[in-house]
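In: Coordinates for the following, if possible.
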Amino acid sequence: MTDKHVDELTGTATTGHEWDGIRELNNPLPRWWAWTFYATVIWAIGYCIAMPAVPYMTGFTQGVLGASQRAQVHEALEQARAAQGVYRERIATASLEEIRTDQELLEFALAGGRSAYAVNCSQCHGAGAQGFEGYPNLNDDAWIWGGDLDNIAHTIRYGIRSGHEEGRENEMPAFGRDELLEREQIADVAEYVLSLSNRSEDAAAAARGQEIYAEQCVACHGEAGEGNIELGAPKLADAIWLYGGERSAVIASISNPRLGVMPAWEGRLDDVTVKQLAVYVHSLGGGQ
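Out: Residues are numbered from 1 along each chain as shown. As a prediction, the model looks like this:
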């Protein structure tokens, strides 16, 4: 701190501070700035009185206006539900095909189905519905239990091996675990199954496996491995495999099949949401 000094050029007193020969002018704040500052102080005091603001050990000051953001959010949600109510009522009484062909209902159903999918389905089938090993890809056109709107809705509503009385039920025998076939026979059948998609590397084994396939597998999977959606029997003549299509995986599926379970969403999701989900999944590109 130095003695009081007046700047020669401006005639303004300095603050007394000096840095490397540079002195700081003691200019007062602009009047508009000072009044703005005072106004913000007054506003802050008024806000603390009127609105919830000051926290303390067990809560916070409520404010004389009794405002609540929680109540505002609740009111906004109620308004949104009311706005959606008209469309939800129409979906509730419409068939799935009527929803699909009504552009207004379709857009609403797709939006609702996309949200419901993200919350309830993406954990198993993936955010993009691409599926994983043991969880079907919903974008392709391979549907074990059928991929039209009604079949998709039925599967969502009642599940697969879910324990629901209306659920999809079928089980592939464990040919190895239950000793229905010898290990060599299972290897031959696997080779024949691979031949259905032109991937066999052992023609002799495939020929032996064809006879066993005709005895044990044709009833469900079909003579040419075309599958049967009525029985939930997958198609074997394509490159789409739920548990992997390499030879070891095919042998494992024949020996000790993995009987996946999809939960029944009836009772967890309302009927309108199930319909929206069915329409959304159908729209992903693989719906029949």
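
In: quick one, strands of the stretch 51-200 of the chain?
Out: 55-56, 59-60 (DSSP state E, counting those that start in this stretch).

In: pLDDT weak spots in the stretch 151-288 of the chain?
Out: In the predicted model, the stretch 151-288 of the chain carries pLDDT under 70 at residues 286-288.

In: what do you get if the cut-off is 90, keeping everything else the same?
Out: For the stretch 151-288 of the chain, the stretches flagged by pLDDT under 90 are 239, 285-288.

In: if we can go back for a sec, which one of the strands of the stretch 51-200 of the chain is the most hemmed in?
Out: strand 59-60 (a mean of 10; mean count of other Cβ atoms under 10 Å). Glycine gets a C-beta too; all of them are placed from N, C-alpha and C.

In: Over it, what's the mean pLDDT, rounded is fine.
Out: For strand 59-60, mean pLDDT rounds to 82.

In: secondary structure class for His17?
Out: Put simply, His17 is strand when judged by DSSP: H, G, I helix; E, B strand; the rest coil.

In: For it, which non-adjacent residue is closest in space?
Out: Glu24 (4.8 Å; Cβ to Cβ, 6 or more residues apart in numbering).

In: before we move on, what about Leu96?
Out: Nearest one to Leu96, counting by Cβ to Cβ, 6+ apart, is Leu149 at 4.0 Å.

In: how near is the one you found to Leu277?
Out: When Cβ to Cβ, to the nearest Å is the yardstick, Leu149 and Leu277 sit 11 Å from each other.

In: Please convert the strands of the stretch 51-200 of the chain to JSON lines, extending it with distance to Leu236.
Out: Compiled in JSON lines, these are given as follows (distance: least, Cβ to Cβ, whole Å):
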{"stretch": "strand 55-56", "distance to Leu236": "65"}
{"stretch": "strand 59-60", "distance to Leu236": "65"}
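
In: who wins for proximity to Arg70 among those strands?
Out: strand 59-60 (12.5 Å; Cβ to Cβ).

In: Give me the sheet partners of the closest one and which way each runs.
Out: Strand 59-60 has the following sheet partners, assigned by DSSP bridges: strand 55-56 (antiparallel).

In: chain center to the strand it pairs with, what's the gap?
Out: 39 Å (Cα atoms, centre = their mean, to the nearest Å).

In: what about the helices in this protein?
Out: Assigned by DSSP state H, the helices in the chain fall at 31-50, 69-93, 96-101, 103-120, 122-125, 149-158, 183-195, 203-216, 218-221, 247-255, 271-283.

In: Switch those over to JSON lines; also include distance to Gly227 and mean neighbour count.
Out: Shown next, in JSON lines, are the helices of the chain (distance: least, Cβ to Cβ, whole Å; neighbours: other Cβ atoms under 10 Å):
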{"stretch": "helix 31-50", "distance to Gly227": "68", "mean neighbour count": "11"}
{"stretch": "helix 69-93", "distance to Gly227": "32", "mean neighbour count": "11"}
{"stretch": "helix 96-101", "distance to Gly227": "24", "mean neighbour count": "16"}
{"stretch": "helix 103-120", "distance to Gly227": "26", "mean neighbour count": "16"}
{"stretch": "helix 122-125", "distance to Gly227": "20", "mean neighbour count": "14"}
{"stretch": "helix 149-158", "distance to Gly227": "14", "mean neighbour count": "20"}
{"stretch": "helix 183-195", "distance to Gly227": "12", "mean neighbour count": "21"}
{"stretch": "helix 203-216", "distance to Gly227": "14", "mean neighbour count": "16"}
{"stretch": "helix 218-221", "distance to Gly227": "6", "mean neighbour count": "15"}
{"stretch": "helix 247-255", "distance to Gly227": "14", "mean neighbour count": "18"}
{"stretch": "helix 271-283", "distance to Gly227": "20", "mean neighbour count": "22"}
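
In: so who does Arg177 touch?
Out: Ser255, Asn256 (Cβ atoms under 8 Å, 6 or more residues apart in numbering).

In: That one and Arg258, how far apart?
Out: 11 Å.

In: Leu196 and Gly225 touch, don't they?
Out: Yes: using Cβ atoms under 8 Å, Leu196 is in contact with Gly225, at 4.1 Å.

In: Check the contact lists of those two and give me the overlap.
Out: Counting by Cβ under 8 Å, 6+ apart, the shared contacts of Leu196 and Gly225 are Leu236, Ala237.

In: Which residue would you name as the spatial centre of the protein?
Out: Most central in the chain under Cα atoms, centre = their mean is Ala118, positioned 2.4 Å from the mean C-alpha point.

In: No further questions, thank you.
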